[in-house]
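[1] let's see this in three dimensions:
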Amino acid sequence: MDQYESLKTEENVCRQISALLDYAEEKKLIRKSDRVYCANILCDDMRQSNFAPVPAGNGERPELHEILSALCGAAVERGIIPAGTAASDRFDTKLMGRLTPFPSDVIRRFRKLHKKDPQAASDYYYRLARDTNYIRTDRVSKDLKWSVGSVYGDIDISINLSKPEKDPRDIAAAKNAPQTDYPLCLLCHENEGFAGDPLRPARQTLRQIPFRLGGERWYMQYSPYVYYNEHCIVLSSAHSPMSITRKTFVRMFDFITEMPHYFIGSNADLPIVGGSILSHDHMQGGRYVFPMERAGIDVTFDLPGYPGITAGTVSWPMSVIRLRSASPDSLVDAADRLLACWRVYSDPEAGIFCETDGVPHNTVTPIARRRGTDYELDLVLRNNITSAGHPMGVFHPHADKHNIKKENIGLIEVMGLAILPARLKNEMSRLAELIESGRADEIGGDPICGKHEEWYRSFRAKYEGSGISANKMLREEIGATFVKVLEDSGVYKTGVEGRAAFRRFINHFISTIKQ
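    Numbers count the residues shown, from 1 in each chain. Model prediction:
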């Protein structure tokens, strides 16, 4: 690099650092009196020995992701970081970590706001997560989202594009990276401030809020991928495996007592029907009304000994029992008894076995929320048994739907929000292109969308002559397929026989209470 190019790069770095400081001051991450200090730290990160502030021009200031992208580009040119998305993500997180308030400051402000208004506290905390680029809003905005109608009400669909695809250079770096057990997993408290490595993301901008739940220390943080509004994760301070017990229900109600405008739920604690991380006990919550919450009660029933609880099954493709009461203690007791009953319940006629060869299969996915002054708890019955015909799970998306969704149906999908793989964006675009151009006969041999040929032929006749666009048709059918995925995952089907089997379990549960 000759002297002229070097000077030009230094000027550009000064310009980008000045813009970043302007942004940080505007977002109240720093004060004016912090600017020189922060400029020097950022210059050190950029291996720049001097700093000359560059005032903002008359035009609009660049977006945050543009500023960070320019600084990462300069860091690559200077040999500070290698090229690649993962390396750039770690470096720009380091830069933003310099401007992020200390955990103690964030906790202090959250608690001060929370005393007056829990929603004001979460508004501050969520805004901070976005302003510090912990939540990369430029990526999240690329997610595709829509709703489709169904017999169960509107269902929410999303194709997640927030997670960056791995660059081959990143994959090579990860392969050669030394193995370490610190932090033990992505959900451990020790991730707060962690610099990251080729195997784990940087978390210098992560800030966690401690809560006392069930007499234990837990932490709240936001998901960097925000699958829905204010998507938070509430995690144990201990690295212990997922476990649904009476304590789970206690913690859930403790949390929504502290955060009444949020719901809270937990993935199941068994493989296949659980989430992607079973090694660390955690819950997920946020401020979002899911389709299942909007679903009404199908059949009501009384729980002997619990006069303050209203109970019923939910009109939903999965098997859901909803309990509601003004007393969280009563709900904890009833839920604990229901869980204990379901854990050991079998109904061979309905294909439900609580265990095979000593391996347990029954568990629940619980979700809690407030309804005014009342507490409401949904218990979704789950079973992870497999068979020769369904080796990935009997109550799991069946093979004929794997072109759309083959991953586990976890908490978020259970509630009616599909989190579909990023590959579908290109696959559906190509499929629509072939349909619109009259080349549908080429679908089967297409390397991008060939896997969808049978799926497309299963519904194309009903749209002939409708005038509907291919994109709209495909979105409708993706939604319809996801509804069938939920029906596959329900332990009791919604037909006459399934309803009767569901009622047998409820009657059995009631009988155990009477004993």
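
[2] tell me where the model's unsure across this protein.
    Residue ranges of the chain with pLDDT under 70: 1-8, 58-59, 164-177, 179.

[3] nearest residue to the middle of it?
    The centroid of the chain falls nearest to Y227 when counting by C-alpha atoms, centre = their mean (4.7 Å).

[4] tell me the contacts of that residue?
    By C-beta atoms under 8 Å, 6 or more residues apart in numbering, Y227 lies in contact with 158, 160, 412, 417, 419. For the C-beta atoms, the positions are set from N, CA and C on the backbone; glycine is no exception.

[5] any idea how far it is from T300?
    Separation of Y227 from T300 (C-beta to C-beta, to the nearest Å): 32 Å.

[6] wait, R139 sits on N133?
    No. In this structure, R139 is not within contact of N133 by C-beta atoms under 8 Å, at 10.0 Å.

[7] picking up where we left off before, of the contacts of Y227, which is the nearest to P317?
    Nearest to P317, judged by C-beta to C-beta, of these is L417 at 13.4 Å.

[8] give me every residue that touches the residue lying closest to that closest one once chain neighbours are set aside.
    The shortest distance from L417 to any non-neighbouring residue, by C-beta to C-beta, 6 or more residues apart in numbering, is to D156 (4.4 Å). Contacts of D156 were listed using C-beta under 8 Å, 6+ apart, and they are 145-147, 290-291, 416-418.

[9] now those: which count as buried?
    For the contacts of D156, a burial check counting by 16 or more other C-beta atoms under 10 Å picks out 147, 290-291, 416-418.

[10] restricted to strands, list the residues you listed.
    Those of those mapping onto strands are 147, 417-418, per DSSP state E.

[11] hmm, back to that, so the residue nearest to L417 bridges to which residues?
    S147, L417 (DSSP bridges).

[12] same check, this time on P360
    E355.

[13] surely it and D269 touch.
    No. P360 is not in contact with D269 according to C-beta under 8 Å; the separation is 9.7 Å.

[14] of the two, who's got more company?
    Legend: neighbour count by other C-beta atoms under 10 Å for P360 and D269, higher for D269 (21 against 15).

[15] list the residues that contact that one.
    D269 makes contact with 241-244, 278, 363 under the criterion C-beta under 8 Å, 6+ apart.

[16] gap between S511 and A335?
    For S511 relative to A335 (C-beta to C-beta), the value is 18 Å.

[17] who has more neighbours out of these two?
    Taking neighbours as other C-beta under 10 Å, S511 and A335 compare with A335 leading, 25 against 11.

[18] buried residues, the host helix or strand of the more buried one. List them.
    A335 belongs to helix 328-343 when assigned by DSSP states H and E. For helix 328-343, the neighbour count (16+ other C-beta under 10 Å) marks 328, 330-339, 341-342 as buried.

[19] likewise for stretch 14-28?
    Neighbour-count burial for stretch 14-28 [16+ other C-beta under 10 Å]: 14-25.

[20] show me what the helix holding A335 is packed against.
    When contacts are defined as 3 or more C-beta pairs under 8 Å, 6 or more residues apart in numbering; DSSP states H and E, helix 328-343 packs onto helix 246-258, strand 320-325, strand 362-371, strand 374-383, helix 496-514.

[21] is it possible to get TSV of the ones you listed that adds distance to S33?
    TSV is the format used below for the helices and strands packed on helix 328-343 (distance: least, C-beta to C-beta, whole Å):
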stretch	distance to S33
helix 246-258	35
strand 320-325	52
strand 362-371	42
strand 374-383	47
helix 496-514	63
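
[22] most packed of the ones you listed?
    Most buried of the helices and strands packed on helix 328-343 by mean neighbour count (mean count of other C-beta atoms under 10 Å) is strand 374-383; its value is a mean of 24.

[23] strand partners of it, parallel vs antiparallel please.
    By DSSP bridges, strand 374-383 pairs with strand 320-325 (antiparallel), strand 362-371 (antiparallel).

[24] for Q119, which of the ones you listed is the nearest?
    strand 362-371 (12.2 Å).

[25] next, the angle from that closest one to helix 328-343.
    Per axes from the mean of the first three to the mean of the last three C-alpha atoms, to 10 degrees, the angle that strand 362-371 makes with helix 328-343 is 160 degrees.

[26] all further residue positions should be reported with the first residue as 32.
    Okay, residue one is now 32; in that scheme the one you just asked about reads as strand 393-402.

[27] now the strands for the stretch 82-231 of the chain?
    Under the criterion DSSP state E, counting those that start in this stretch, the stretch 82-231 of the chain contains strands at 175-179, 186-190.

[28] which of those strands sits closest to R530?
    Nearest of the strands of the stretch 82-231 of the chain to R530, taken as C-beta to C-beta: strand 186-190 at 20.9 Å.

[29] just the C-alpha atoms of the closest one, please, in PDB.
    Extracted C-alpha coordinates of strand 186-190, given in PDB (Å, rounded to 0.1, in the frame of the first residue of the first chain):
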ATOM      1  CA  ILE A 186     -51.200 -19.400  11.300                       C
ATOM      2  CA  ASP A 187     -47.900 -17.400  11.200                       C
ATOM      3  CA  ILE A 188     -45.200 -18.400   8.800                       C
ATOM      4  CA  SER A 189     -41.600 -17.200   8.700                       C
ATOM      5  CA  ILE A 190     -38.500 -18.100   6.700                       C
END
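
[30] show me what counts as buried in that strand.
    So, applying 16+ other C-beta under 10 Å, buried residues of strand 186-190: 186-190.

[31] for the ones in strands among the buried ones among the contacts of D187, which one is nearest R142?
    L448 (30.7 Å).

[32] hang on, the closest one packs against I190?
    No. L448 is beyond contact range of I190, at 11.8 Å (criterion: C-beta under 8 Å).

[33] still on that earlier bit, in CSV: the contacts of D300, plus secondary structure and distance to K524.
    CSV is the format used below for these (DSSP: H, G, I helix; E, B strand; the rest coil; distance: C-beta to C-beta, whole Å):
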residue, secondary structure, distance to K524
P272, coil, 31
M273, coil, 27
S274, coil, 29
I275, coil, 24
L309, coil, 27
T394, strand, 19
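
[34] and which of those is nearest to H262?
    Closest to H262, out of all of those and judged by C-beta to C-beta, is M273, at 18.3 Å.

[35] tally of neighbours for that closest one?
    Counted with other C-beta under 10 Å, M273 comes out at 21.

[36] equivalent analysis for R325, please.
    So R325, with other C-beta under 10 Å, has 11 neighbours.

[37] residues contacting R491?
    R491 neighbours (C-beta under 8 Å, 6+ apart): A471.

[38] switch the cut-off to 10 Å
    466, 471, 501, 504, 508 (C-beta atoms under 10 Å, 6 or more residues apart in numbering).

[39] the closest residue to V330 other than its chain neighbours: which element?
    Spatially, and ignoring its direct neighbours in sequence, V330 is nearest to T344 (5.0 Å; C-beta to C-beta, 6+ apart). Applying DSSP H and E as the criterion places T344 in strand 341-345.
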